[in-house]
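[1] Just need the structure, nothing else, for what follows:
(one chain, ligands or ions: 1)
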Amino acid sequence: MREIRIITADDLDAFVNLTANAYPGIELTTVEKKQRFKERLQSVQADSRVHLVGLFQAGKLLGGMRLYDFTMQLLSTKVLVGGVGGVAVDLLHKKEKVAYDMLQFFLHYYREKGASLTALYPFRPDFYKKMGYGYGTKMQRYYIKPASLPGGGDKTVVARLNRADKDALAACYARYLARTNGLFERFDSLWETVFQDPAWHTVGIRNGSRISGYIGFKFERDPQRSFLDNDMLINEWVYETPADFMALSTFLHAQADQINRIIFNTQDEYFHFLLEDPRNGTDKLLAPTLYHESNTQGVGLMYRVMDVPGLFMALAEHNFNGQTCCLEIVLTDSFLPENGGSTVIVFENGRCRLTPNTQPDVTMQIDVSEFSSLVTGVVPFKALFAYGLATLSDPAYVDVLDQLFAAPKPICLTSF
Ligand SMILES: CC(C)(COP(=O)(O)OP(=O)(O)OC[C@H]1O[C@@H](n2cnc3c(N)ncnc32)[C@H](O)[C@@H]1OP(=O)(O)O)[C@@H](O)C(=O)NCCC(=O)NCCS
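    Next up is the predicted model:
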């Protein structure tokens, strides 16, 4: 008989050992390292929005995971989103559906809390796609010469930020979040850690007590290269106005004599428009075409809807681009069958309401994984329709649905 429950103080040592074996890469290889990790877990447990959960069989811990109560800016609304990370299974009990049972628990846990969406970073996208997760926005890694970024702004407004700027930094992020699709609200504890690691630097635009843009970065150096040959890794670049953006870009542009390449991971698909030379230094052509390699890309964060009616209720204030139609969504969901089936929604001038007994104008058939990417704005309806991943009872509605679900791609700056 399996039991899934919150980890208590008595379970923590077993939880640490489980994690150490599931993630050898984090090198919890000594008693001291395990003790420090345990202390970190204790401080994590102190936050009421993070939950350590374990799967027990005959009293023995076979699996563990961390759950997060996130608030996400989804389209024009803030919604509760369940996050899961650190999924770990005992080496001796792999392939016994421990992860399966934990993911089932996770989805039901957040459905009961009133969330209609969950998110995770997959160790393997296909593993979680089978469980109904849809791809999020790709991450693009640029590797650019500083001088390739525009220079002409006023960099005198850029200042080094410190711990005293923590609240203003958080307020800047919150304003950015409100006008962006997909960002997660930050836990206060995260802003505490920004200035803890001396390897990380934060510069920003400070006007009195207000910060209107910032960059977090650290230096990186390949030990094979000379000590004068450094790169700069940017982990976050947030700005409010084009002038703020230009000031920060000019700060980076001015590093040309010291920095070889700036490494920037971004979900902005238009970033290359900025660059004087968008090539990433490999000088590779995508043969046989004459296309220059500009960046590498990865699939990461995945989303999953687990309560379709609940999602549209949460989005009642969102304007689905002024569209009017009665849509039936017929969802397949093999992992969470209670989420599958038919939902009828009336959209009137962009506002939605559930209407179970109304005759739909059009029926869309779609799997939960693609639906999750569609409704979050990751993929346009027309692409799914073209690939046969979404079908319509009346193809004349393709443009209406494409418009209805059109949204800026969601971005995420939270690791978990
Ligand atoms: C990755 C890891 C968590 C997998 O754990 P596991 O307990 O061995 O996985 P499970 O046995 O539950 O495998 C998932 C099962 O769900 C099944 N499944 C998934 N979606 C399903 C669906 N929609 N319907 C029916 N079954 C489904 C899979 O087919 C699989 O069963 P199978 O092996 O019989 O085919 C484990 O190997 C581990 O701890 N790895 C190291 C740490 C790590 O990488 N964690 C992942 C972090 S994201």
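
[2] is the ligand contacted by stretch 78-91?
    Yes. Stretch 78-91 is in contact with the ligand by CB under 6 Å from any ligand atom, via V87, A88, V89. No exception for glycine: its C-beta is placed from N, CA and C like everyone else's.

[3] Rounded mean pLDDT for stretch 219-228, please.
    Average pLDDT, stretch 219-228: 87.

[4] what's in contact with that stretch?
    By CB atoms under 8 Å, 6 or more residues apart in numbering, the residues outside stretch 219-228 that reach it are A199, D229, N230, D231, M232, L233, I263.

[5] could you pull out the helices for the stretch 1-150 of the chain?
    12-22, 31-45, 98-113, 125-129 (DSSP state H, counting those that start in this stretch).

[6] on that earlier part again, flag whichever of the contacts of stretch 219-228 scores worst on pLDDT.
    The pLDDT minimum for the contacts of stretch 219-228 sits at D229, where the score is 88.

[7] Name the nearest of the residues of stretch 78-91 next to the ligand relative to H292.
    Among those, V87 lies closest to H292 (CB to CB), at 38.7 Å.

[8] Dump the helices of the stretch 1-150 of the chain into JSON lines; add mean neighbour count as well.
    Below are these laid out as JSON lines (neighbours: other CB atoms under 10 Å):
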{"stretch": "helix 12-22", "mean neighbour count": "18"}
{"stretch": "helix 31-45", "mean neighbour count": "13"}
{"stretch": "helix 98-113", "mean neighbour count": "18"}
{"stretch": "helix 125-129", "mean neighbour count": "16"}
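
[9] Just tell me which of those helices ends up closest to M313.
    Closest among the helices of the stretch 1-150 of the chain, using CB to CB: helix 98-113, at 13.1 Å.

[10] For that closest one, name the packing helices and strands.
    strand 2-6, strand 50-57, strand 60-74, strand 77-89, strand 117-120 (3 or more CB pairs under 8 Å, 6 or more residues apart in numbering; DSSP states H and E).

[11] which other residues reach the second one?
    The one in question is strand 50-57. 1-7, 11, 14-15, 18, 41, 44-45, 61-69, 93, 98, 101-102, 105-106.

[12] Sheet-wise, list the partners of it with their directions.
    Partners of strand 50-57 in the sheet, by DSSP bridges, are strand 2-6 (antiparallel), strand 60-74 (antiparallel).

[13] Could I get the CA-only coordinates of the shortest one as CSV?
    What follows is the C-alpha trace of strand 2-6 in CSV, where atoms were taken according to Å, rounded to 0.1, in the frame of the first residue of the first chain:
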residue,chain,number,x,y,z
ARG,A,2,1.4,3.4,-1.0
GLU,A,3,1.0,6.6,0.9
ILE,A,4,1.9,10.0,-0.5
ARG,A,5,2.2,12.8,2.1
ILE,A,6,4.2,15.9,3.2
